[in-house]
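Visitor: Make a model of this:
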Amino acid sequence: MDALKAALLRGMFQIINLIPVRLAGAIGAGLGRLAFYLDKRHRSISIRNVTRIYPQQPRSWRTRIARESFAELGRSMLELPHVFLRSKEFLASRVTVEGEDELRAALAGNKGVFLAACHHGNWELGALMFSLLGYDIEFFYRPVRQPFVEAYIRKCRGRFGAKLHPRQEPLRWVMRALKKQSCIGLMIDQHIGDGIPVPFLGHMASTLTLPAVMVRKYDAPILGVGLERVGRGFNFSLKIWRVETPAECTDAESFTYRMTRDIGKSFEPIINLRPEMWLWSHQRWKLLEEREKEISEVVYGTP
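Guide: You can find the predicted model right below:
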């Protein structure tokens with residue numbers, strides 16, 4: 001049965017790949033906007049998140065940003081067959097790179113490099129670009145639950161040479177990768193139950209500490225990366241920037257807090273520039289929501 005499902009998935013990707021990429025993206029955006037109206041739970045999460053970060057904006061603006069975030073997600077999903085199946089030359093022709101000198105300079109230190117990314121725009125293409133450009137890169141990633149989907153997606157993500165490591169895998173591979181002067185990529189913008197609270201877009205959010213811990217342990221530089229869509233078509237700008245390490249921190253706790261905070265803060269300009277490009281439907285500020293609920297129950301009583 002899994003073999004049949006895998007064949008159907010590959011066939012679906014091949015069919016979508018025959019559609020011009022701009023048209024596929026437009027169809028995906030339309031489906032995303034439809035999902036905004038049909039998916040009450042995630043619509044509510046998105047509007048609540050946008051309102052938390054941009055309370056000064058009119059309600060109509062906040063609703064539009066939440067809806068267009070759904071559209072961007074849908075657009076990126078229908079572009080995925082093109083990302084996973086089109087040639088290296090085609091993809092490279094659609095992406096300009098800003099800040100590659102920062103990456104080269106960081107790698108010149110012979111310590112490897114950590115790359116922090118977030119769910120902004122077509123993040124699958126952003127992740128693929130580094131191996132496409134010829135850099136050795138290894139990723140932390142969350143496996144897909146369906147085995148036939150997982151096998152296919154993993155193969156596509158690694159088609160230019162990237163290596164993927166499930167989050168559950170022991171971290172011994174990190175040191176090996178750094179010794180090879182590889183890049184190590186991870187996502188930093190989702191709620192983590194065992195993270196620490198640091199400001200993200202100005203509001204406290206439970207955040208992954210692993211990048212900060214590894215930067216301190218291995219003394220390797222960390223860069224932020226983001227793929228910014230140019231207009232609404234399949235054209236992008238890959239931006240790379242250095243995140244400075246807090247040199248004056250001597251104890252591990254202070255370093256971890258400040259590094260984690262500064263990594264998240266470095267993404268604020270790219271998110272604020274076009275907020276509809278970011279994934280607002282995730283409960284990023286779940287920590288605050290839980291605290292606000294507790295306060296409400298104390299003040300007003302349990303519903």
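Visitor: where does the stretch 1-150 of the chain have low pLDDT?
Guide: For the stretch 1-150 of the chain, the stretches with pLDDT under 70 are 1-2.
Visitor: how about the strands in it?
Guide: Taking DSSP state E, counting those that start in this stretch as the test, the strands found in the stretch 1-150 of the chain are 95-98, 113-117, 137-141.
Visitor: Need those strands in JSON lines (columns: distance to residue 285 and mean neighbour count).
Guide: Any C-beta I mention is one placed from the backbone N, CA and C, and that applies to glycine too. Below are the strands of the stretch 1-150 of the chain laid out as JSON lines (distance: least, C-beta to C-beta, whole Å; neighbours: other C-beta atoms under 10 Å):
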{"stretch": "strand 95-98", "distance to residue 285": "30", "mean neighbour count": "16"}
{"stretch": "strand 113-117", "distance to residue 285": "19", "mean neighbour count": "24"}
{"stretch": "strand 137-141", "distance to residue 285": "23", "mean neighbour count": "21"}
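Visitor: Quick check: the gap between the residue nearest to residue 276 when sequence neighbours are not counted and residue 232.
Guide: Distances taken as C-beta to C-beta, 6 or more residues apart in numbering place residue 68 nearest to residue 276, at 3.7 Å, with adjacent residues excluded. The gap separating residue 68 from residue 232 is 10 Å, by C-beta to C-beta, to the nearest Å.
Visitor: who's more crowded, those two?
Guide: More crowded of residue 68 and residue 232, by other C-beta atoms under 10 Å: residue 68, with 21 against 14.
Visitor: I figured that one was touching residue 274, is that so?
Guide: No - judged on C-beta atoms under 8 Å, residue 68 makes no contact with residue 274 at a distance of 9.2 Å.
Visitor: pLDDT weak spots in the stretch 201-303 of the chain?
Guide: 296-303.
Visitor: mind listing the strands in it by residue range?
Guide: Ranges of strands in the stretch 201-303 of the chain, per DSSP E, counting those that start in this stretch, are 203-207, 222-229, 236-243.
Visitor: Kindly compare burial across these and name the winner.
Guide: Stretch with highest mean neighbour count among the strands of the stretch 201-303 of the chain: strand 222-229 (a mean of 24; mean count of other C-beta atoms under 10 Å).
Visitor: which secondary structure elements does that strand contact?
Guide: In terms of contacts (3 or more C-beta pairs under 8 Å, 6 or more residues apart in numbering; DSSP states H and E), strand 222-229 is packed against helix 100-107, strand 113-117, helix 123-132, strand 236-243, helix 252-265, helix 268-273.
Visitor: quick one: strands adjacent to it?
Guide: Sheet pairing of strand 222-229 (DSSP bridges) gives strand 113-117 (parallel), strand 236-243 (antiparallel).
Visitor: Which of these sits closest to residue 58?
Guide: strand 236-243 (28.8 Å; C-beta to C-beta).
Visitor: Output the closest one as PDB, nothing but the C-alphas.
Guide: What follows is strand 236-243, C-alpha atoms only, in PDB (Å, rounded to 0.1, in the frame of the first residue of the first chain):
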ATOM      1  CA  PHE A 236      13.600  35.400  -4.700                       C
ATOM      2  CA  SER A 237      16.400  37.000  -2.800                       C
ATOM      3  CA  LEU A 238      18.400  34.800  -0.500                       C
ATOM      4  CA  LYS A 239      19.700  37.000   2.300                       C
ATOM      5  CA  ILE A 240      22.600  36.000   4.600                       C
ATOM      6  CA  TRP A 241      23.700  38.000   7.700                       C
ATOM      7  CA  ARG A 242      26.100  37.600  10.600                       C
ATOM      8  CA  VAL A 243      24.700  37.200  14.100                       C
END
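Visitor: quick one: contacts for the closest residue to residue 201 other than its chain neighbours?
Guide: Using C-beta to C-beta, 6+ apart and skipping the chain neighbours, the partner closest in space to residue 201 is residue 53 (4.9 Å). Residue 53 makes contact with 201, 202, 203, 275, according to C-beta atoms under 8 Å, 6 or more residues apart in numbering.
Visitor: dump the residue contacts of the last one.
Guide: Listed by C-beta under 8 Å, 6+ apart, the contact partners of residue 275 are 50, 53, 54, 65, 69.
Visitor: Include distance to residue 6 when you put the strands of the stretch 201-303 of the chain into a markdown table, please.
Guide: Supplementary listing: these in a markdown table, determined by distance: least, C-beta to C-beta, whole Å:
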| stretch | distance to residue 6 |
| --- | --- |
| strand 203-207 | 36 |
| strand 222-229 | 28 |
| strand 236-243 | 29 |
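Visitor: surely residue 212 meets residue 254?
Guide: No - at 10.5 Å, residue 212 does not count as touching residue 254 under the criterion of C-beta under 8 Å.
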